[in-house]
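Chemist: Structure, please.
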Amino acid sequence: MALASWLTRACKPYAALEPRFWTVPPAYHIQELCLCLLVAVTAAALSSSCSHSRSTPPRLPTGRTTLETGLGALLLLWLPVNVCNKLAVQGMPPSRALVEMCLPCHVYTGLCAFCFLSTRRRARVDGYSLMLHCAWMPLLAVAFPDLSAARAIAAPALRMGSLATFWAHHLTLLAAPVLARQQASSRLRFAPPPPPPRAAGLLQYLAFIYGFVGVLLCGLALATGRNLNYSLWPPPALPDGAYLYLGGARYRLAIGTLLAFVLGPLMRHVVVPLAAAGSLRPLGRHYPLAGASMGRAPVRGDEGMPAQAARPVTRSRSGTAKLD
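Modeler: All right, here's what the predicted structure looks like:
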């Protein structure tokens, strides 16, 4: 294949320095890049047609709560903090630091910040669904952490600071979708995609995951020679023998299929909702006036009471109001 030969010549300097570089053969790279691009474009086209077919758009909030503003600002703050950590503390060259800021958890940080700080439909419906689908990103980063750059720091204080930055950042990312789900469950701040069709959120997720992870990150890994998101060889923390069970050199297709069709929907519909329901009480109940921001006026006398505690008002046949 001509493209495989060209890729072999283009990546020859990287392959000479890293014996694991061609764990995935050049021909497999070309085939999988084309397949991921096809799936991403098809899913994006179907998602767009599904979005246009929706009849009634969901109600959206008109302003941000204090929690949303604070969490969104914290998430945005993590981006420059991580850049400074890579440049000043870990001593990475600017080109490598820039490339590593394209890793999934940093992109997920920007997505979560957008969902909390914006009140547009793209953030509160589409972005919210994508945030819950992609909640596996910080979860897998915590399960299989790559801390080699932080552990290589000579100064103990700086090394501990870099490690603390990693864990604090990822714990914030783990909490973000749970907090968003808590507020969505109270029907105050976020809205699920209204039926029909229910597949719109999944299609958006497939377009994102195959386009971002399958095309962009794999292409960037080949262009820079860096094992971004383990696109060139599997993680060292993988259990012995798991590489063969995942298809050997086709391990990316196997893992990508699991992330796209199993783990993503599982996070969206099971794991995050269960984590949110496991809290003591939905965060949305701490905002008794939030219903007014959704276009519903609060009942007089119930301003300081939760919606469940409000006393229903009915009318008698004579037209006078009475309390039940």
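
Chemist: Which residues are in contact with the residue nearest to the spatial centre of the chain?
Modeler: Note on the chain: the residue nearest the mean C-alpha position is residue 134, at 3.6 Å, using Cα atoms, centre = their mean. Going by Cβ atoms under 8 Å, 6 or more residues apart in numbering, residue 134 touches 104, 108, 111, 205, 208, 209, 264, 267. Any C-beta I mention is one placed from the backbone N, CA and C, and that applies to glycine too.

Chemist: Can you tell me how far the fourth one is from residue 18?
Modeler: Separation of residue 205 from residue 18 (Cβ to Cβ, to the nearest Å) stands at 32 Å.

Chemist: Mind checking which of those two has more residues around it?
Modeler: Comparing residue 205 with residue 18 by neighbour count (other Cβ atoms under 10 Å), the higher total belongs to residue 205, at 25 against 16.

Chemist: Could you give the backbone dihedrals for the more buried one?
Modeler: phi -60, psi -40 (degrees, to the nearest 10).

Chemist: Surely it and residue 132 touch.
Modeler: No: with contact defined as Cβ atoms under 8 Å, residue 205 does not reach residue 132; the gap is 9.1 Å.

Chemist: Return every residue with contacts to both of these two.
Modeler: residue 268.

Chemist: List buried residues within the contacts of residue 134.
Modeler: 104, 108, 111, 205, 208, 209, 264, 267 (16 or more other Cβ atoms under 10 Å).

Chemist: With pLDDT and secondary structure added, can I get these in a markdown table?
Modeler: Below are those laid out as a markdown table (pLDDT from 0 to 100; DSSP: H, G, I helix; E, B strand; the rest coil):
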| residue | pLDDT | secondary structure |
| --- | --- | --- |
| 104 | 96 | helix |
| 108 | 98 | helix |
| 111 | 97 | helix |
| 205 | 96 | helix |
| 208 | 97 | helix |
| 209 | 96 | helix |
| 264 | 96 | helix |
| 267 | 97 | helix |
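
Chemist: With distance to residue 77 as added columns, please give those in TSV.
Modeler: As requested, the buried ones among the contacts of residue 134 are exported to TSV (distance: Cβ to Cβ, whole Å):
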residue	distance to residue 77
104	19
108	15
111	15
205	27
208	24
209	26
264	27
267	25
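
Chemist: Closest to residue 64 out of the residues you listed?
Modeler: Residue 64 lies nearest to residue 111 out of the buried ones among the contacts of residue 134, by Cβ to Cβ, at 16.6 Å.

Chemist: okay, stretch 257-268 in CSV with CA atoms only?
Modeler: Extracted C-alpha coordinates of stretch 257-268, given in CSV (Å, rounded to 0.1, in the frame of the first residue of the first chain):
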residue,chain,number,x,y,z
THR,A,257,-15.5,-0.2,20.5
LEU,A,258,-15.8,-0.8,24.2
LEU,A,259,-15.5,2.9,25.0
ALA,A,260,-18.0,3.9,22.2
PHE,A,261,-20.7,1.3,22.7
VAL,A,262,-20.4,0.0,26.2
LEU,A,263,-18.5,2.3,28.6
GLY,A,264,-19.8,5.6,27.3
PRO,A,265,-23.6,4.7,27.4
LEU,A,266,-22.9,2.9,30.8
MET,A,267,-21.5,6.1,32.3
ARG,A,268,-24.3,8.2,30.8
